[in-house]
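Q: Could you look at this predicted model? Sequence included:
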Amino acid sequence: MTAALQRIDVHQHLVPAFYRDALTAAGIGESGGRQLPSWSAESALELMELLSTRSAILSVSTPGVGFLTDPGEAAALARRLNDHCAELTTQHAPAFGYFATVPLPDTAAAAREAARALDEAGADGVTLLANNAGTYLGAPDQDELWQTLDERGAVVFVHPAELPAPPVEGVPPFAADFLLDTTRAAYLLVRNGVIRRFPRIRFVLSHTGGFVPYASHRMAVTIASDAGRSPLDVLDDFRSFYFDTTLSSPRRAPHT
């Protein structure tokens with residue numbers, strides 16, 4: 001790879017063997033309707049070379065650690081995942097960075113692990129699933145986590161999870177439900193003032209932000225009516241999000 005290449009992939013998931021074992025023990029063999037992929041640092045580096053990617057920011061996809069019902073077990077697995085990622089980034093710098101896993105919906109535990117990962121374990125930000133056991137980002141009583149992240153000017157990578165509703169037959173969750181899940185979280189982050197009250201957090205929405213770029217005006221009018229705010233101010237909040245382009249960048253034929 002030449003030194004001039006600067007492409008950074010902020011959406012690359014890893015599946016360590018110990019994490020796969022924990023999922024298997026819980027009867028989980030897929031994510032978003034797709035079988036869990038194989039992953040290794042070596043195969044990831046080969047693909048990055050092929051695609052001219054300078055660095056990849058590793059993260060854990062849904063279900064994160066929320067499939068564990070015991071809060072202590074969830075916190076311990078999040079810590080183990082983050083320590084594992086920290087080792088990978090040290091061994092393969094600057095090819096890998098990572099977004100830390102936190103044990104939501106336990107807000108206090110999530111804030112503690114976010115602070116540890118960012119302050120001590122070299123995390124480049126944190127991954128937050130759009131909903132955790134049906135509780136969405138932006139819901140009440142999450143300020144301890146937002147304050148922790150705001151104080152550090154943290155990057156927050158918002159990744160969708162399974163919708164808290166039965167899937168529709170023939171529609172794999174990753175194909176459509178994931179987009180709605182991200183949009184719901186973005187809506188609540190704006191509607192409930194998280195974006196305004198914690199302005200130093202930089203939110204990155206997966207998959208071009210779900211429906212946000214296409215429905216922001218519709219959502220802004222709704223929020224303005226509901227919360228007594230200016231639609232233009234609400235649109236400014238939606239504009240503050242960053243978007244990745246994973247699985248959402250159209251391929252167009254060249255002009256002839």
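A: Okay, I see it.
Q: residue contacts, the residue nearest to Val234 when sequence neighbours are not counted?
A: Spatial nearest neighbour of Val234, excluding adjacent residues (CB to CB, 6 or more residues apart in numbering): Ala220 at 4.0 Å. (Glycine included, C-beta is placed from N, CA and C.) Ala220 is in contact with Pro231, Val234, Leu235, Phe238, counting by CB atoms under 8 Å, 6 or more residues apart in numbering.
Q: out of those, who's nearest Ala110?
A: Checking the contacts of Ala220 against Ala110 with CB to CB, the nearest one is Phe238 at 24.5 Å.
Q: follow-up on the earlier one: same list (the contacts of Ala220) but as TSV, adding pLDDT and distance to Val102.
A: Shown next, in TSV, are these (pLDDT from 0 to 100; distance: CB to CB, whole Å):
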residue	pLDDT	distance to Val102
Pro231	95	33
Val234	97	28
Leu235	97	29
Phe238	98	24
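Q: wait, which of those residues is closest to Glu49?
A: Once CB to CB is applied, the member of those that ends up nearest Glu49 is Phe238, at 36.3 Å.
Q: distance between the helix or strand that closest one falls within and the chain's centre?
A: Following DSSP states H and E, one finds Phe238 within helix 231-239. Put simply, helix 231-239 sits 22 Å off its chain's centre (CA atoms, centre = their mean, to the nearest Å).
Q: what helices or strands is that helix leaning on?
A: The contact analysis (3 or more CB pairs under 8 Å, 6 or more residues apart in numbering; DSSP states H and E) places helix 231-239 against helix 177-191, helix 212-227.
Q: Return the most buried member of those helices.
A: Ranked by mean neighbour count under mean count of other CB atoms under 10 Å, the helices and strands packed on helix 231-239 are led by helix 177-191, which reaches a mean of 24.
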